[in-house]
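**Q** The amino acid sequence is not available; the structure is as follows:
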């Protein structure tokens, strides 16, 4: 199936965000249990083994600031979405290669010049790798040599397309799509998706698009303030966190569906 790599990205995104939710639910349960552990201790006073378990739980539990937990999980959810965007552009390139990897097909997909350019960025790291990406420079050099006219199989350096990519802000996502030759992207394609509209409680594509862009802008600011511990560290609530996870889930699906449709037209 042509879109399988893209679908795999969706599965991984949902799994990563589910992990954040599971951590949140477990921590909330632990916090509530700790708050009631004094009463529980009284109920199990006559049961030595169970009492020892409760006492150990009370000693080892130090969670007193839920906002700190929410901040950490907020950043983790953002990181999961950032990983998804990076993986998505690689999955798109893999899908293109699976369909047709000859020079003319790659040229039609607007990937030959981009492959040369981003490969050049990768090769610039040979003396001092600042990309935080493990690069096999010999493999990169060998692959780029296939990007020539009449080549029957062009091998893209897919990992190079994600080097120095911005985070998953509005501008970051637009840049990621431009890197893989997608110029026709319109945010209304995402805003028109019913699950995205449901996540924002809206009913019109443009209204949803505007709220989505504002959400991504605010989410980026919150993430940066938390990570860099600025003067105005935002207060994060459980509702904020659950909304962030819900939005990233549906927006990720919308972006993936857009690329599936886009690649099918090439």
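**A** Sure, I can see it. Owing to the predicted nature of the structure, the values given are computational and were not obtained by experimental measurement.
**Q** Could you list the low-confidence segments of the stretch 101-250 of the chain?
**A** Where the stretch 101-250 of the chain drops to pLDDT under 70, the residues are 230-231.
**Q** go again using 80 as the cut-off
**A** Flagging of the stretch 101-250 of the chain using pLDDT under 80 yields the residue ranges 229-233.
**Q** quick one, helices of it?
**A** Using DSSP state H, counting those that start in this stretch, the helices of the stretch 101-250 of the chain run over 103-108, 112-123, 137-144, 170-179, 188-191, 194-200, 205-227, 238-264.
**Q** Tell me which of these sits nearest to residue 94.
**A** helix 238-264 (10.4 Å; CB to CB). Glycine gets a C-beta too; all of them are placed from N, C-alpha and C.
**Q** how far is that closest one from where the chain is centred?
**A** Put simply, helix 238-264 sits 9 Å off its chain's centre (CA atoms, centre = their mean, to the nearest Å).
**Q** by how many degrees do it and helix 170-179 diverge?
**A** Using axes from the mean of the first three to the mean of the last three CA atoms, to 10 degrees, the inter-axis angle of helix 238-264 relative to helix 170-179 is 20 degrees.
**Q** list the buried ones in the one helix or strand residue 8 maps to?
**A** Residue 8 is located in helix 4-35, with elements delineated by DSSP states H and E. Judged by neighbour count (16 or more other CB atoms under 10 Å), helix 4-35 contains these buried residues: 5-6, 9-10, 12-14, 16-17, 20-21, 24, 27, 34.
**Q** and residue 48, which of the helices of the stretch 101-250 of the chain is closest to it?
**A** Nearest to residue 48, of the helices of the stretch 101-250 of the chain and by CB to CB, is helix 238-264 at 36.3 Å.
**Q** buried residues in that closest one?
**A** 240-242, 244-260, 262-263.
**Q** Which residues are in contact with residue 249?
**A** Neighbouring residues of residue 249 by CB atoms under 8 Å, 6 or more residues apart in numbering: 13, 14, 17.
**Q** and stretch 24-35, how far out from the chain's middle?
**A** 27 Å.
**Q** returning to what we had before: a markdown table for the helices of the stretch 101-250 of the chain, including distance to residue 65?
**A** A markdown table is the format used below for the helices of the stretch 101-250 of the chain (distance: least, CB to CB, whole Å):
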| stretch | distance to residue 65 |
| --- | --- |
| helix 103-108 | 52 |
| helix 112-123 | 42 |
| helix 137-144 | 46 |
| helix 170-179 | 31 |
| helix 188-191 | 35 |
| helix 194-200 | 28 |
| helix 205-227 | 13 |
| helix 238-264 | 13 |
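**Q** so which of these gets nearest residue 85?
**A** Across those, closest to residue 85 is helix 170-179 (CB to CB), at 5.5 Å.
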